[in-house]
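*Asks:* fold the following, please.
(one chain, ligands or ions: 2)
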Amino acid sequence: MTPPDVIRCAYAELVVTDLEASRWFYTELLGLVVTAEDEDALYLRAFEEYLHHSLVLRKGSTPALARLAYRVRSPEEVDRAEAYYRGLGVRVERVPAGTTRGIGEAVRIEDPLGFPVEFFYDATHVERFTQRYDLHGAGAISRLDHFNVVVPDVPAAQHYYEGLGFKVSEDIEDTDGTVYAAWMYRKSTVHDIALTGGDGPRLHHIAFATHERSQILHLCDHLGAVRRSDQIERGPGRHGVSNAFYLYLRDPDGHRIEIYTHDYYTGDPDNPTITWDVHDNQRRDWWGNPVVPSWYAEASPVLTLDGEVRDVRERTEARESDVTIGADGFSYTRTDEGERGFKVGHQV
Ligand SMILES: O=S(=O)(O)c1ccc(O)c(O)c1
Ligand SMILES: [Fe+2]
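*Replies:* Ligands and ions are numbered 1, 2, ... in the order given. Okay, here's the model as predicted:
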């Protein structure tokens with residue numbers, strides 16, 4: 001069976017327990033634009049986006065991921081998605097235009113990894129605010145950049161996404177061949193989807209891109225000014241993997257949102273894959289800053305197509321947070337030094 005021609009990650013739907021608290025976080029702080037709202041949902045987009053939304057916040061009793069959506073290249077690719085997934089034998093639903101406000105006819109599946117995923121093409125076009133600098137705040141966000149999901153078996157998830165034509169830009173491995181994480185793309189950036197090894201299926205984060213590091217720094221200053229600095233989980237900093245400047249926030253329900261800028265172009269067919277050693281202290285933070293334990297441990301549950309919270313499967317292979325901040329003593333900043341120790345001040 002031929003897989004659908006996926007263009008990019010396009011929108012996510014999150015269940016939030018307090019729509020007004022979430023409205024503050026996503027519009028007042030992050031500056032996302034409200035395209036539409038109804039009594040139990042907000043439809044949001046970033047300034048360079050002209051499709052109806054890239055994020056739906058829907059009121060519900062349990063914080064969870066309701067859906068990850070990819071845009072495909074044409075209405076015919078929606079048909080192809082339906083045939084492909086019926087061929088895989090997973091649960092498939094065809095939904096009419098308007099099932100999600102602003103989105104045309106779509107195919108919804110419970111993918112082989114256990115995630116609720118949608119493929120669509122048609123969507124309502126709305127005003128693109130690229131140059132509406134009168135509306136941009138100092139922390140202006142440009143667009144949705146990627147999804148990051150937690151999966152027990154990274155190689156199996158990578159194989160599934162390779163079947164959809166995604167390529168690996170970077171990954172983190174051990175000398176014994178354990179794969180801890182992988183970054184995969186369809187659009188010509190570092191990733192549309194990242195696979196993080198852990199108990200899953202769970203949503204690790206959704207990332208939005210800005211153009212400049214100063215916009216990320218302003219978001220930190222804004223959170224300090226309103227005494228909500230506790231919503232900063234990790235960063236700001238420079239990633240090793242992807243080379244992006246980053247900040248991780250936790251929204252009022254604990255969903256993790258990354259603000260991310262300046263990764264690199266991956267569009268040529270021979271784009272080389274970068275493999276990092278799991279003991280390299282600069283892989284996740286180029287300046288060698290340790291990763292806060294909650295970043296490895298916490299993630300959002302995902303829903304079935306019936307809206308039930310899906311059980312997670314435990315990861316059976318080694319866990320990155322055990323390997324790198326455990327007692328292995330192999331972590332390093334310079335490979336040529338015999339003594340390999342931890343960065344001074346290593347936490348946990
Ligand atoms: O922390 S990592 O440098 O591995 C990293 C790289 C890119 C991302 O989008 C991310 O969330 C995390
Ligand atoms: Fe990310």
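*Asks:* ligand 1 contacts on this protein?
*Replies:* On the criterion Cβ under 6 Å from any ligand atom, ligand 1 has as its neighbours in the chain the residues 146, 148, 194, 207, 239-242, 244, 258, 260, 283-284. C-beta coordinates here come from the backbone N, C-alpha and C atoms, glycine included.
*Asks:* all helices for the stretch 101-250 of the chain, in order.
*Replies:* In the stretch 101-250 of the chain, the helices defined using DSSP state H, counting those that start in this stretch lie at 154-163, 213-225.
*Asks:* and the ones you listed as a markdown table, adding mean pLDDT, mean neighbour count and distance to Gln131?
*Replies:* A markdown table is the format used below for the helices of the stretch 101-250 of the chain (pLDDT from 0 to 100; neighbours: other Cβ atoms under 10 Å; distance: least, Cβ to Cβ, whole Å):
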| stretch | mean pLDDT | mean neighbour count | distance to Gln131 |
| --- | --- | --- | --- |
| helix 154-163 | 98 | 18 | 35 |
| helix 213-225 | 98 | 16 | 16 |
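*Asks:* could you export the residues of the chain next to ligand 1 as a markdown table, including distance to Tyr70, pLDDT and neighbour count?
*Replies:* Shown next, in a markdown table, are the residues of the chain next to ligand 1 (distance: Cβ to Cβ, whole Å; pLDDT from 0 to 100; neighbours: other Cβ atoms under 10 Å):
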| residue | distance to Tyr70 | pLDDT | neighbour count |
| --- | --- | --- | --- |
| His146 | 11 | 98 | 26 |
| Asn148 | 15 | 99 | 19 |
| Ala194 | 14 | 99 | 25 |
| Ala207 | 15 | 98 | 24 |
| His239 | 23 | 98 | 22 |
| Gly240 | 27 | 97 | 20 |
| Val241 | 22 | 98 | 24 |
| Ser242 | 20 | 98 | 25 |
| Ala244 | 21 | 98 | 26 |
| Glu258 | 18 | 98 | 24 |
| Tyr260 | 19 | 97 | 25 |
| Arg283 | 27 | 96 | 24 |
| Arg284 | 26 | 96 | 25 |
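*Asks:* filter the residues you listed down to the ones close to ligand 2.
*Replies:* Asn148, Ala207, Glu258 (Cβ under 5 Å from the ion).
*Asks:* now do the same contact list for the last one.
*Replies:* Read that as Glu258. Taking Cβ atoms under 8 Å, 6 or more residues apart in numbering, we find Glu258 in contact with Asn148, His205, Ile206, Ala207, Phe208, Tyr246, Leu247, Tyr248, Leu249.
*Asks:* nearest to Lys59, of these?
*Replies:* Proximity of these to Lys59 (Cβ to Cβ) peaks at Ile206, which lies at 17.9 Å.
*Asks:* now that closest one. Nearest residue, chain neighbours left out?
*Replies:* Ala12 (5.1 Å; Cβ to Cβ, 6 or more residues apart in numbering).
*Asks:* secondary structure class of the one you found, three-state.
*Replies:* strand (DSSP: H, G, I helix; E, B strand; the rest coil).
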